[in-house]
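> kindly return the folded structure for what I paste below:
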Amino acid sequence: MSHATFLNRQALFLRPDPTRVVVRPFKPATEPRDLNPTDKTRANHIVDRLLSLDHETTESLLADVLENFEGRHRNLLATFENRASDMEEAFTPHVEFTKVQRQLVGAYFLHEYSFEASALFNPSIVVHPDQSGVLQGSRRFILSLRAVGEGHVSSLTFRTGLIAADGSVEIEPTARLASTPTVHTRISDPLDEPVELSFSAQQHISERVIFPITPAQSNGIEDARFVTFEDNGQTMFYATYTAYSGTGIRSELLETSDFISFRMIPLGGSAARNKGMALFPRKIVGRYAMIGRQDNENLYLIYSDDLYSWEGGELILQPKFPWEFVQMGNCGSPIELDEGWLLLTHGVGAVRKYAIGAALLDKQDPSKVLARSSEPLVRPEPSEREGYVPNVVYTCGAMRHNDQIVLPYAVCDTFSNFSTIKIADLLRTLDG
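Reported below is the predicted structural model:
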């Protein structure tokens, strides 16, 4: 069966929007190495200049800043004051600041960042925890996306949408504003402890942006693979992702029950040193299970009694067909079907062309591969070959809805789209 026969591509394009901005701390350029501890820093100089202004000028300048930026962000004055609190080391000793002066100082040590100016890609999808008001046969979902802005820094952003009974997909309008969370953990360097963060429940989920927080994440939170995890009647949402510091990577885990409060936890063990880990949606024979790629080429099945530590692994899939000769990887968490575990994969072929395939794993023993794609399910169409990285289609996770698989996928590391696939048709293509 031709992939064009069973793949229903939706004309639903999620493209990067450079008008969506958050405020981030601004830090003056690094001081000279030979700076005497008694010398003033650039930050001190900025504060001194602000303190030299008279009261009327200070108030006028702050009012001008608010007029320019208040409609672009929530609670700007509180944001300015919080930033001023972070800048205590730049304050001239024994100087009393007025409230207006503190707010203006905070404004001078912030900048706007257009977090999805360059790309909005590598999506994953889970059922929304709130299904109130949804018609029978439909499902509300949460979509996570990797957003990339200036300097190729990756952050995590969200959308919500609805899958109708017939498989058609709608995305809800995106909030006009965007904001980063409150971090409840003191950040040290290096940091190997969990980080707790939260948003306001009043914020629309598309307003919530998880920007790199720790030194290990400083250049990006990449490719979150979300899964709904069920254990003893309890539901949690987990996402494995890659933390990138600019020089090194490590696998980390994001966990939440409501998409308001989150914990970020580094993963330990030899199996967590590579990219692309994906958690099964439930325990297998009483143990946690992951699909991972430990050697940049093949896929492994990994078990653990500890959700945060992963060792070893068993090779289960390696390149077999020309479209995956360069390397394989997973495309999100396995999806449980009556027939077995459906594992979406990606393969890299000639001229580093990426395509999406699938494999069916035994439900009781996922190390047994029952069938796999000899041809890709999704490959770049002629209209989908151009972008930031040409010739790439990629996903970080699909979900089952009735008799279909709903597959969000990225195009050329630039924008995202959706397809739906009938499960019966998909399984008939697995023969390799």
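> in the stretch 251-400 of the chain, mark out all the strands, start to finish.
Remark: strands assigned in the stretch 251-400 of the chain by DSSP state E, counting those that start in this stretch are 261-266, 278-279, 288-292, 299-304, 314-317, 327-330, 335-337, 340-348, 354-361, 369-372, 393-394, 399-401.
> for those, give me a markdown table that also has mean neighbour count.
Bear in mind the C-beta positions are built from the backbone N, C-alpha and C, glycine included. A markdown table is the format used below for these (neighbours: other C-beta atoms under 10 Å):
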| stretch | mean neighbour count |
| --- | --- |
| strand 261-266 | 19 |
| strand 278-279 | 25 |
| strand 288-292 | 24 |
| strand 299-304 | 22 |
| strand 314-317 | 16 |
| strand 327-330 | 23 |
| strand 335-337 | 17 |
| strand 340-348 | 23 |
| strand 354-361 | 24 |
| strand 369-372 | 18 |
| strand 393-394 | 24 |
| strand 399-401 | 20 |
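> show me the one of these that comes nearest D425.
strand 354-361 (11.7 Å; C-beta to C-beta).
> so that closest one versus strand 340-348, what angle?
Per axes from the mean of the first three to the mean of the last three C-alpha atoms, to 10 degrees, the angle that strand 354-361 makes with strand 340-348 is 150 degrees.
> for strand 354-361, packing partners?
Applying 3 or more C-beta pairs under 8 Å, 6 or more residues apart in numbering; DSSP states H and E, we find strand 354-361 packed against strand 340-348, strand 369-372, strand 393-394.
> for P281, find the nearest of those strands.
Nearest to P281, of the helices and strands packed on strand 354-361 and by C-beta to C-beta, is strand 340-348 at 9.3 Å.
> to L162, which of the helices and strands packed on strand 354-361 lies closest?
Nearest to L162, of these and by C-beta to C-beta, is strand 340-348 at 22.1 Å.
> wait, which of the strands of the stretch 251-400 of the chain is closest to A424?
For the strands of the stretch 251-400 of the chain, the distance to A424 is smallest for strand 335-337, at 10.3 Å, taking C-beta to C-beta.
> run through who's touching that closest one.
281-282, 341-344, 360, 363, 398-400, 405, 423, 427 (C-beta atoms under 8 Å, 6 or more residues apart in numbering).
> closest one of these to G71?
Within these, the smallest distance to G71 is 36.3 Å, found for M399 (C-beta to C-beta).
> sorry, back to before: distance to P123 added to the helices and strands packed on strand 354-361, as TSV?
Shown next, in TSV, are these (distance: least, C-beta to C-beta, whole Å):
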stretch	distance to P123
strand 340-348	12
strand 369-372	23
strand 393-394	9
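> closest one to R42 among those?
Using C-beta to C-beta, the helices and strands packed on strand 354-361 put strand 393-394 closest to R42, at 41.6 Å.
> average pLDDT across the closest one?
Averaging pLDDT along strand 393-394 gives 94.
> helices or strands up against that strand?
Packing partners of strand 393-394 (3+ C-beta pairs under 8 Å, 6+ apart): strand 354-361, strand 404-411.
> to I316, which of those lies closest?
Nearest of these (C-beta to C-beta): strand 354-361, 7.4 Å.
> list the contacts of the spatially most central residue of the chain.
Centroid check for the chain by C-alpha atoms, centre = their mean gives L156 as the closest residue, at 3.5 Å. Residues counted as contacts of L156 (C-beta under 8 Å, 6+ apart) are S144, L145, R146, A147, V209, I210, I221, A224, Y241, L254.
> residue ranges with poor pLDDT in the chain?
Counting by pLDDT under 70, the chain has low-confidence residues at 1-5, 30-40, 92-94, 186-191, 432.
> quick one, domains of it?
For the chain, the structural domains run 3-20+114-428, 22-113, going by automatic domain parsing.
> please identify the deepest-packed of those domains.
domain 3-20+114-428 (a mean of 19; mean count of other C-beta atoms under 10 Å).
> in which helix or strand does A43 reside?
Assigned by DSSP states H and E, A43 belongs to helix 42-51.
> alpha carbons only: can I get that helix in PDB?
Output in PDB follows, covering the C-alpha atoms of helix 42-51 (Å, rounded to 0.1, in the frame of the first residue of the first chain):
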ATOM      1  CA  ARG A  42      29.700  47.400  34.400                       C
ATOM      2  CA  ALA A  43      26.600  46.600  36.300                       C
ATOM      3  CA  ASN A  44      27.700  48.900  39.100                       C
ATOM      4  CA  HIS A  45      28.200  51.700  36.500                       C
ATOM      5  CA  ILE A  46      24.700  51.300  35.100                       C
ATOM      6  CA  VAL A  47      23.200  51.500  38.500                       C
ATOM      7  CA  ASP A  48      25.300  54.600  39.400                       C
ATOM      8  CA  ARG A  49      24.100  56.300  36.300                       C
ATOM      9  CA  LEU A  50      20.500  55.600  37.200                       C
ATOM     10  CA  LEU A  51      21.000  56.800  40.700                       C
END
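> ok, then the element right after that helix?
In N-to-C order, the element after helix 42-51 by DSSP H and E is helix 55-69.
> list the contacts of stretch 277-285.
Contacts for stretch 277-285 (C-beta under 8 Å, 6+ apart): 225, 227-231, 238, 240, 251, 267, 271, 288-292, 302-303, 310, 330, 332-336, 341, 364, 366, 397.
> returning to what we had before: of all the strands of the stretch 251-400 of the chain, which one is nearest H45?
With C-beta to C-beta as the measure, strand 261-266 is the member of the strands of the stretch 251-400 of the chain nearest H45 (35.3 Å).
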